[in-house]
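1. build the 3D model from these lines:
(chains A and B)
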Amino acid sequence: MSDDTSTKRPSFFRRRKSCPFASESAPKIDYKDVRLLQRFTSERGKIVPSRITAVSAKSQRKLSKAIKQARFLGLMPYVLK
Amino acid sequence: MSLYEVVFIARQDITATQVEALTEQFQNVITEGGGTVVRTESWGLRTIAYKIKKNRKGHYVMLHLDSPAAAIHEMERQMRINEDLLRYLTLRVDEHDPEPSMVLQNKDTGDRPRRPQRSGGERGGYGDGDRGGAFGGAPKAPREVAPTEVVEGDVA
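-> Numbers count the residues shown, from 1 in each chain, chains lettered A, B, ... in the order given. All right, here's what the predicted structure looks like:
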């Protein structure tokens, strides 16, 4: 056992994930790419908060706009029952 | 002149040739107004995710335009008048994507088999209720109460 107590964390600590749109090869956020947008909505069709998906604030703004545009055009549902 | 991307949805019970005629009509408005039609993309008859004016399906057409604002306004005015159109969305874009859009690349036509089953939990469990139902959470199944060892002094 190491005695380095400073790095010890409670067991529920999770590694900070990085933004899925940060890298160079990341997909562009586009309202037409429903497959991509659907990954960021709940099974009810709600937009998942960025604290869960680890999307950066800037990307989250773009993302939510794209989702709302896709909803308006009927590419995505507003609600899923 | 700015770059625009227009998507419109036409009623499901008009024919494909009528959709083409409609598309041509809007393209003419743009060209007469001094703009150019960069590309036209027809997404065909797709299932709309929810009913719009009692239509479950619609013909989707996307236009890439390079046009002065006045011509766009005129086109939108005619779109509002036209009763065969369910909806349109005009966006100004910085550049046009020359490749076929993701709607066509993701082959499905919007008919989903009631959403693929997702193994729950993956996204932090907010269950079906989505923010708590009227009865505030059904009583949980009695857990098998394993006497937890209380180790004190482990957490600083």
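2. excluding its backbone neighbours, what's nearest residue A:80?
-> residue A:45 (4.1 Å; CB to CB, 6 or more residues apart in numbering or on different chains). For glycine as for every other residue, the C-beta is placed from the backbone atoms N, C-alpha and C.
3. show the contacting residues for the one you found.
-> A:76-80 (CB atoms under 8 Å, 6 or more residues apart in numbering or on different chains).
4. just the ones in strands from those, please.
-> Secondary structure from DSSP state E places none of these in strands.
5. buried members of these into ChimeraX, please.
-> To isolate the buried members of these in ChimeraX, using 16 or more other CB atoms under 10 Å in any protein chain shown:
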select /A:76,77,80
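6. mind putting the contacts of residue A:45 into a markdown table with distance to residue B:22 and pLDDT?
-> Listed next are the contacts of residue A:45 as a markdown table, based on distance: CB to CB, whole Å; pLDDT from 0 to 100:
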| residue | distance to residue B:22 | pLDDT |
| --- | --- | --- |
| A:76 | 24 | 94 |
| A:77 | 26 | 95 |
| A:78 | 26 | 95 |
| A:79 | 30 | 94 |
| A:80 | 31 | 89 |
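7. closest to chain B among the contacts of residue A:45?
-> Distances from chain B to the contacts of residue A:45, taken as CB to the nearest CB, are shortest for residue A:77 (4.1 Å).
8. and residue 78, backbone torsions?
-> Using chain A. The phi and psi values for residue A:78, taken as degrees, to the nearest 10, are phi -80, psi -40.
9. try chain B instead
-> When read as degrees, to the nearest 10, the backbone of residue B:78 gives phi -70, psi -30.
10. how about it, what does it touch?
-> Residues in contact with residue B:78 (CB under 8 Å, 6+ apart) are B:25-26, B:29.
11. likewise for residue B:2?
-> B:66-69, B:92.
12. so what's it bridging to?
-> In this structure, residue B:2 bridges to residue B:67 when assessed by DSSP bridges.
13. do you know the pLDDT at it?
-> Note on residue B:2: pLDDT of 92.
14. for residue B:16, see how far away it is.
-> Look at residue B:2 and residue B:16: by CB to CB, to the nearest Å, they are 30 Å apart.
15. still on that earlier bit, hmm, which of the contacts of residue B:78 are the buried ones?
-> Using 16+ other CB under 10 Å as the burial test, the contacts of residue B:78 include B:26, B:29 as buried.
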